[in-house]
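1. test case, fold it:
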Amino acid sequence: MMAAAMTAVRGAEVYQVIHPSFDDSFGDAVIFSDEPDQAAGGSDLIVGCNNNGQCARSLLHFNVDTLPDDAVVTDVQMTLLPAAKIAPEDPSMTLNLHQVTSLWSRSSDSIPDGERDSWPESLAGTAASAGDVTWKYAVYPDTEWENLGGDVNSEILTSVESAGTPEGERASTLFFSATNTFKELVQEWIAGTTPNFGVLVKRDTEDPSDNRLRVLFHEESGNKDYRSPKLLITYTSESNPEQMPSLPSGPGILLPGEPTKAPTTSSPTTAPACPLTAEGVELFTGTSSQHASIFLGKQGLSQDKGAFGVGIVRSGEILRGLIKFPVDSIPTGAEITCAEIIVKTTGPCGPCKGEVEVEMHQLMSPWTTTNTNDFLSQQQPKLYQVELQGAGANTGDTTWTHSTYDATDPSGGVKWGTAGGDVNPLVISAEVDDERGQHKFPTSEGFVNAIQGFVDGTVENNGFLFKTEEDDAYVALKAEENTYKDSGTAYRLFKAEDTEKEADRPLLVVHYTLPEVIAVTADASPQVSPTPAMPTPSIPTPETKSDPTPETESSSNAVLSTPVYDVAIITLMMNVALIVLA
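-> Alright, predicted model coming up:
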C-alpha cells in the first residue's frame, strides 16, 4: 500500500506560471524592420505590420531555472493578452512562435515615447542604448544577429489565431497551445541541454503591404497577474513530488479556457461596522483557528488548507465555507455590543461582473479539520481546477455529509444532522462588497447574540458557515452568466488563517463593555462604577466567626466593593452592609 501511495505521489502533476525575465535585465522587447538602431522595451509588445509597411517582432524570455532538474514536462502553453481593441471587421492573423538561437538582452533605457494609437501609422522605438536588442543587433552595439530580425529556428514551435473582437467585448487572451516540439524545447531548457535564449513571436506572413497588426501587453504592464505574458508549465518530478504550485499560479491569473477580466477601480470603502478606533468600549480582534470548504453532495471531498471557497464555480460545484474564531480572551461577564468579520479575497472575482451574495449562518454542531487537504494537482491548467476542487477527505476532516469524516469507514464517522452543515437558519450577516479584495460581514443582532453566547458559555462556539443562494433558478442563472465574456463566476475565494501575510488573514472584530462594580458606604447609597478590564477574579469564601455581629466602632467607615457576578452574592453583601449601618 505504501509503495502504491508513493507511486501516486510521484505521478502528481505540478503547475507553475513563469513571467518573462532575463537574468538582471527584462524579459521582453520589440524590434522593428529596417531600424537597426531603434529599440523598444518596457512598453507594449507589437507583432505584424502597419499601414506604412513597417513590421515588428517581439522577443520573450522565461527563466525555468527554478524548476526541478528532473521535471518531466507534460504540458506547456504561452499566453499573450491584446492591449488594443481589435475591430470586429479586422481580418484574423496568425502569430507564430519560434525558438531564439542567440543570446540577446535589453536595457532599462529603451522605453519609447509613442502611444499605441499611433503605431498603425508609425512604428518606432527609441534610440538604442548599450545592451539593447534591435533588428540588427542582438546586443547593441557590439553583437549583431547573424540574420536581420533575430536568429531563430525556422521550425514553428506553436501558433495562435487572433481574430477580430465582437462589438462590446474585450479581446480574449491568446493561448499558444502545447505541441511536441514546444514541450521538447522547454524540457531541454530545464535539463540544460539547449541554451535558453527565449522565443520570438512574428506574423506568419510579413508582407509590408498587408497591414495586420497586434499590440499586446508586456512584462511590466500594470496588474501583472492579469496582463503579463505567461509560460504555463505542467510537469511531474520525483525529487520534488510534493511541491505545490507557486503563489502566482493560484487563482487570479489567466489560464486556458478562462475569459479575461477587466481591470477595475475600487469603489469607495464603506466604513467598518465595528471601528478599530472606537472609544468607550473594549476591543477584541483575532483571526480564525480553522476553516474548510465542503462540496455539495460530495461525501468524500474536503479542503481545509489554503483559501476556502463559497458559491458556484465554473465546473458546476457548489461550495460552502466554514470558519471558526476563538473568543476565549473576552472576559466572562462582558456585554457584546458589536461584531464584524473582515476577510480578504484571492482569485479572479475581485473584478468580476458576476454578482455574488454571500450570507453567514451560525454553526450549531462541532466540526473538525486536519489542515492537510489543499487543492488537487491539475491535469490541465484550468482555473476551476485550482483551489476549487477538493481532495480526498482524511479521517478527521469535515465534508458535506460529515462533521468528522472516517476515511477507513465512510459510512461511519460523525455525520451532520443536516447534510451541508448544521446551522441556525437565521442569516446573521451578509457580505458587503465595498472593496476589491476585501469584504466585510457587518454586525447584526443575531451576530452579536452568537458571540455573546460563546462568551457566556450558553452556546458552544462552532463558528460560522458561509453560503450563497443555491436554488435551481439561481444556479441556472449563474451557469448562463458564466458563458459571458468578462463575466465572473458566482463564488468567492477567501484567504484563511494559514495565508502567509498576517494582514490578509480573516479578522473578527468585537466591541464589548465590562460588568460594573457596586460600592456601598455608610453615608451614601450604593454607587455603581465600571469594573476595570481584567480577568474574572475568584471569590473567596467569607471567614466564619463566633460572633456574627461586626464591631461598629471599627466598621463605621467601611466600604464593601465586589464585582457583580450573581444576584445572590449582591444580596448577601447588601445584608452585611445593613447590619453595619444598624
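2. now do the helices in the protein.
-> 2-10, 180-191, 224-227, 445-456, 472-481, 552-555, 567-581 (DSSP state H).
3. contacting residues for the closest residue to residue 33 other than its chain neighbours?
-> Excluding the flanking residues, the one nearest residue 33 by CB to CB, 6 or more residues apart in numbering is residue 55, at 4.2 Å. In this view, the C-beta of every residue, glycine as well, is placed from N, C-alpha and C. Contacts for residue 55 (CB atoms under 8 Å, 6 or more residues apart in numbering) come out as 32-33, 48-49, 123, 203, 206, 208.
4. mind running it again at 6 Å?
-> Each residue near residue 55 by CB atoms under 6 Å, 6 or more residues apart in numbering is listed here: 33, 49, 206.
5. what's the answer for residue 200, then?
-> 57, 59, 98, 100, 150, 152.
6. tell me the domain ranges of this structure?
-> Following automatic domain parsing, the chain resolves into domains at 19-243, 283-513, 516-581.
7. output those domains as TSV; include the columns mean pLDDT and distance to residue 273.
-> Formatted as TSV, those follow (pLDDT from 0 to 100; distance: least, CB to CB, whole Å):
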stretch	mean pLDDT	distance to residue 273
domain 19-243	86	30
domain 283-513	84	4
domain 516-581	44	22
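8. between those, which one is nearest to residue 272?
-> Closest approach to residue 272 among those is made by domain 283-513 (6.2 Å; CB to CB).
9. how far off centre is that closest one?
-> In terms of CA atoms, centre = their mean, to the nearest Å, the centre of domain 283-513 is found 14 Å from the chain centre.
10. straight-line length of it, end to end?
-> 9 Å (CA to CA, to the nearest Å).
11. from the centroid of this protein, which residue is nearest?
-> Nearest to the mean C-alpha position of the chain, by CA atoms, centre = their mean, lies residue 346 at 1.7 Å.
12. please name the bridge partners of it.
-> Going by DSSP bridges, residue 346 is paired in beta bridges with residue 493.
13. how much space between it and residue 454?
-> 28 Å (CB to CB, to the nearest Å).
14. just residue 508 next, same as before
-> Counting by CB to CB, the gap from residue 508 to residue 454 is 11 Å.
15. OK, contacts around the residue nearest to residue 110 when sequence neighbours are not counted?
-> In space, and not counting its chain neighbours, residue 110 is closest to residue 39: 3.9 Å by CB to CB, 6+ apart. Contact analysis of residue 39 by CB under 6 Å, 6+ apart lists 110, 125, 128, 132, 134.
16. of those residues, which is the nearest to residue 288?
-> Nearest to residue 288, judged by CB to CB, of the contacts of residue 39 is residue 110 at 48.1 Å.
17. give the burial count for the closest one, as a bare number.
-> When counting by other CB atoms under 10 Å, one arrives at 25 neighbours for residue 110.
18. dump the residue contacts of it.
-> Per CB under 6 Å, 6+ apart, neighbours of residue 110: 39, 41, 126, 129, 132.
19. report the buried members of these.
-> Using 16 or more other CB atoms under 10 Å as the burial test, these include 39, 41, 126, 132 as buried.
20. from residue 103, how far off is the first one?
-> Per CB to CB, residue 39 is found 16 Å from residue 103.
21. one step back: okay if I get the contacts of residue 55 as TSV plus neighbour count?
-> Converted to TSV, these look like this (neighbours: other CB atoms under 10 Å):
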residue	neighbour count
33	18
49	24
206	16
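22. dump the residues you listed to TSV, plus distance to residue 447.
-> TSV is the format used below for the contacts of residue 55 (distance: CB to CB, whole Å):
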residue	distance to residue 447
33	65
49	62
206	64
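23. gap between residue 515 and residue 329?
-> Using CB to CB, residue 515 is found at 16 Å from residue 329.
24. neighbour count: those two, which is higher?
-> residue 515 (15 against 9).
25. surely that one meets residue 333?
-> Yes - in this structure, residue 515 is within contact of residue 333 by CB atoms under 6 Å, at 4.2 Å.
26. tell me the contacts of the closest residue to residue 462 other than its chain neighbours?
-> Nearest non-adjacent residue to residue 462, counting by CB to CB, 6+ apart: residue 363, 4.1 Å away. Contacts here follow CB under 6 Å, 6+ apart; on that basis residue 363 touches 423, 462-463, 465.
27. so residue 363 bridges to which residues?
-> Going by DSSP bridges, residue 363 forms beta bridges with residue 423.
28. same thing with residue 72?
-> Beta-bridge partners of residue 72, as defined by DSSP bridges: residue 236.
29. give me the number of residues near it?
-> 14.
30. chain neighbours aside, what residue packs nearest to residue 413?
-> residue 406 (3.6 Å).
31. just to check, that neighbour is in contact with residue 415?
-> No - Residue 406 is beyond contact range of residue 415, at 10.0 Å (criterion: CB under 6 Å).
32. burial check on residue 279, number of neighbours?
-> Neighbours of residue 279 (other CB under 10 Å): 6.
33. just to revisit the earlier point, how about the residue nearest to residue 413, what does it touch?
-> 395, 412-413.
34. which among those gets closest to residue 429?
-> residue 413 (29.9 Å).
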